[in-house]
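Trainee: The sequence and its predicted three-dimensional model are supplied below.
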Amino acid sequence: MLVGVILPHSTADLRDPLGELASLAKTAGAKVVGQLLQRRQKIDAGTYIGSGKAIEAAQLARKEKADVIIFDNDLSPGQIGGLEKIVNEEVGSPRGEGIKVLDRSELILDIFATRAQTHEAKLQVELAQMQYTYPRLTRMWGHLERIAGGAPPGIGTRGPGEQQLEIDRRLVRKRISMLKEQIEHIQSRKSRMVEQRNLEHFTVCIVGYTNAGKSTLFNALTAAGAYADDKLFATLDTKTRAWKIERGTGVLLSDTVGFVRDLPHNLVASFRATLEEAVHADLLLHVLDVGHPHAEQQFKSVHEVLGEIGAAGKPEILLLNKIDTESGEAAFPFWRTLYPQAIPISARSGVGLSTLVEAVFGHVRGEQVDVTLETGVANGRLLSFIETHARIHDRQFVDGKVVLKAVMGKRTLAELSRNGEVEVKTVVCGMGVPPM
């Protein structure tokens with residue numbers, strides 16, 4: 001059963017406040033049998049929704065035979081404990097054996113745990129789970145607590161529950177520390193790798209809400225065979241492939257984990273290494289499922305997450321995906337009015353991809369320069385590098401030297417300028433304006 005509390009500054013879509021939570025629950029393998037909504041000016045400290053609404057939720061759960069109540073809000077350990085107590089007392093089942101109460105973060109963590117495939121993703125999910133679990137250990141061990149009758153708190157009153165709780169806290173703290181060290185090592189290595197790669201190549205990163213069609217687009221552009229499915233968080237791992245947008249001009253294209261509204265902060269922190277591609281990318285391709293009923297909220301949520309990870313304000317091309325669907329075709333004029341530069345596409349059928357390629361090439365061209373280079377004809381390795389990283393449009397051979405006129409990226413030119421075996425004779429910026 002789904003429960004949502006609409007507060008004054010709620011980020012939920014008011015037209016269908018529990019629509020996304022229902023999709024998340026379905027992705028986690030649950031069957032939704034009932035929904036309950038409440039509007040409040042502020043939350044109840046003990047139960048989030050108040051004891052009266054908690055009893056109403058319990059009665060509805062009993063009627064619909066639900067065994068889990070999922071909140072579209074983040075609850076404190078005390079609130080989850082208070083809700084489970086009220087709910088299970090109302091339905092007459094022992095606490096810990098009856099109806100379970102989950103919040104949005106725990107549901108998303110559960111989905112991420114089933115999707116993680118690589119060692120890196122598994123470490124990131126485990127860290128987020130540990131950080132979520134740690135403050136909730138008291139509730140988890142509540143069934144073991146015992147206090148000697150009539151004895152004052154202190155010596156002689158510590159039962160096995162408290163002992164086990166302290167042991168578990170130490171184990172969790174130790175595991176969190178180990179996971180942070182391993183992930184920090186991965187992040188450090190990945191940051192160096194991404195930064196070095198960006199010195200040599202123009203990088204493009206696909207971002208967007210989960211299930212917007214990012215992996216389908218990635219496969220269409222690179223034929224990479226990345227896993228793509230009609231489900232939330234189908235892939236958690238960033239993939240990077242070479243993408244040839246024109247003969248002699250290539251970029252590196254990366255596909256990232258899908259974003260979601262109110263993504264748990266622990267997950268954002270844990271997956272910072274995975275999202276490193278977006279932080280350092282030269283250009284973002286923002287894929288939007290234009291026909292989705294919550295497209296406006298999804299658009300806003302993506303930019304909020306980009307801001308959280310430090311990728312706000314980067315050059316961006318908005319791609320209005322799934323325009324070949326009935327809902328996409330109907331919504332397209334609205335989005336085109338708001339964002340005239342947006343490109344309508346269908347990642348599945350290939351509609352609009354040629355326009356996308358031209359737009360990306362325009363960005364790359366703006367970062368490219370027309371150059372005249374001179375080097376020795378016998379320098380095979382250097383010539384091979386230039387052939388790979390530039391678009392050569394003229395060659396002249398004079399006295400054992402070769403003079404090349406080419407278009408290349410500013411980064412590639414900077415690297416060649418440091419090479420003593422090549423002479424840079426002229427440089428003109430991509431738009432025909434001499435460099436400063």
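Mentor: Happy to help now that I have it. Residues are numbered from 1 along each chain as shown.
Trainee: Who are the packing partners of the host helix or strand of residue 124?
Mentor: Using DSSP states H and E, residue 124 falls within helix 119-133. For helix 119-133, the packing partners by 3 or more C-beta pairs under 8 Å, 6 or more residues apart in numbering; DSSP states H and E come out as helix 104-115, helix 160-200, helix 265-270. Placement of C-beta: from N, CA and C, glycine included.
Trainee: How about residues contacting the helix or strand that the shortest one is followed by?
Mentor: Moving toward the C-terminus from helix 265-270, the first helix or strand encountered (DSSP H and E) is helix 276-280. Contact with helix 276-280 is made by 187, 190-191, 194-195, 198, 203, 205, 207, 238, 240, 254, 256, 284, 306, 309-311, 314, as judged by C-beta atoms under 8 Å, 6 or more residues apart in numbering.
Trainee: what's the distance between helix 276-280 and the middle of its chain?
Mentor: 11 Å (C-alpha atoms, centre = their mean, to the nearest Å).
Trainee: ditto for stretch 39-53
Mentor: With C-alpha atoms, centre = their mean as the basis, stretch 39-53 stands 31 Å off its chain's centre.
Trainee: buried sites along it?
Mentor: Neighbour counts using 16 or more other C-beta atoms under 10 Å place 43, 44, 46, 47, 48, 49, 50, 53 of stretch 39-53 among the buried residues.
Trainee: Let's have those in JSON lines, adding distance to residue 111.
Mentor: Formatted as JSON lines, the entries for the buried residues of stretch 39-53 read as follows, by distance: C-beta to C-beta, whole Å:
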{"residue": "43", "distance to residue 111": "25"}
{"residue": "44", "distance to residue 111": "28"}
{"residue": "46", "distance to residue 111": "28"}
{"residue": "47", "distance to residue 111": "25"}
{"residue": "48", "distance to residue 111": "22"}
{"residue": "49", "distance to residue 111": "24"}
{"residue": "50", "distance to residue 111": "29"}
{"residue": "53", "distance to residue 111": "27"}
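Trainee: Can you get me a residue count around residue 204?
Mentor: By the criterion of other C-beta atoms under 10 Å, residue 204 has 24 neighbours.
Trainee: returning to that earlier point: in the helix holding residue 124, what's buried?
Mentor: Neighbour-count burial for helix 119-133, counted by 16+ other C-beta under 10 Å, picks out 120-121, 123-133.
Trainee: what do you get for stretch 411-421?
Mentor: Neighbour-count burial for stretch 411-421 [16+ other C-beta under 10 Å]: 411, 412, 413, 416.
Trainee: Also stretch 290-308?
Mentor: 290-292, 294-299, 301-303, 305-306, 308.
Trainee: returning to what we had before: make JSON lines out of the buried residues of stretch 39-53 and add pLDDT.
Mentor: What follows is these, written out as JSON lines (pLDDT from 0 to 100):
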{"residue": "43", "pLDDT": "92"}
{"residue": "44", "pLDDT": "93"}
{"residue": "46", "pLDDT": "92"}
{"residue": "47", "pLDDT": "94"}
{"residue": "48", "pLDDT": "94"}
{"residue": "49", "pLDDT": "94"}
{"residue": "50", "pLDDT": "93"}
{"residue": "53", "pLDDT": "94"}
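Trainee: For residue 98, state which of those is nearest.
Mentor: Comparing the buried residues of stretch 39-53 against residue 98 with C-beta to C-beta places residue 47 closest, at 16.2 Å.
Trainee: so residue 61 sits right up against residue 87, yeah?
Mentor: Yes - with contact defined as C-beta atoms under 8 Å, residue 61 and residue 87 form a contacting pair (6.8 Å).
Trainee: Now the common contact residues for those two.
Mentor: 69, 99.
Trainee: Any chance you could list what contacts stretch 59-78?
Mentor: The contact list for stretch 59-78, computed with C-beta under 8 Å, 6+ apart, reads 1-5, 12, 17-18, 20-21, 25, 30, 33-34, 36, 43, 46, 48, 57, 83, 87, 90-91, 99-105, 107, 135-136, 138-139, 262, 264.
Trainee: And that stretch, how far out from the chain middle?
Mentor: That offset, for stretch 59-78, works out to 27 Å (C-alpha atoms, centre = their mean).
Trainee: buried sites along that stretch?
Mentor: Under the neighbour-count rule (16+ other C-beta under 10 Å), stretch 59-78 has 60-62, 66, 68-73, 75-76, 78 buried.
Trainee: hang on, the earlier thing: for residue 392, find the nearest of the helices and strands packed on helix 119-133.
Mentor: helix 160-200 (17.7 Å).
Trainee: for the record, mean pLDDT for the closest one?
Mentor: Helix 160-200 carries an average pLDDT of 78.
Trainee: Stretch 119-130 now?
Mentor: Rounded mean pLDDT across stretch 119-130 is 84.
Trainee: same deal with stretch 286-297?
Mentor: Rounded mean pLDDT across stretch 286-297 is 91.
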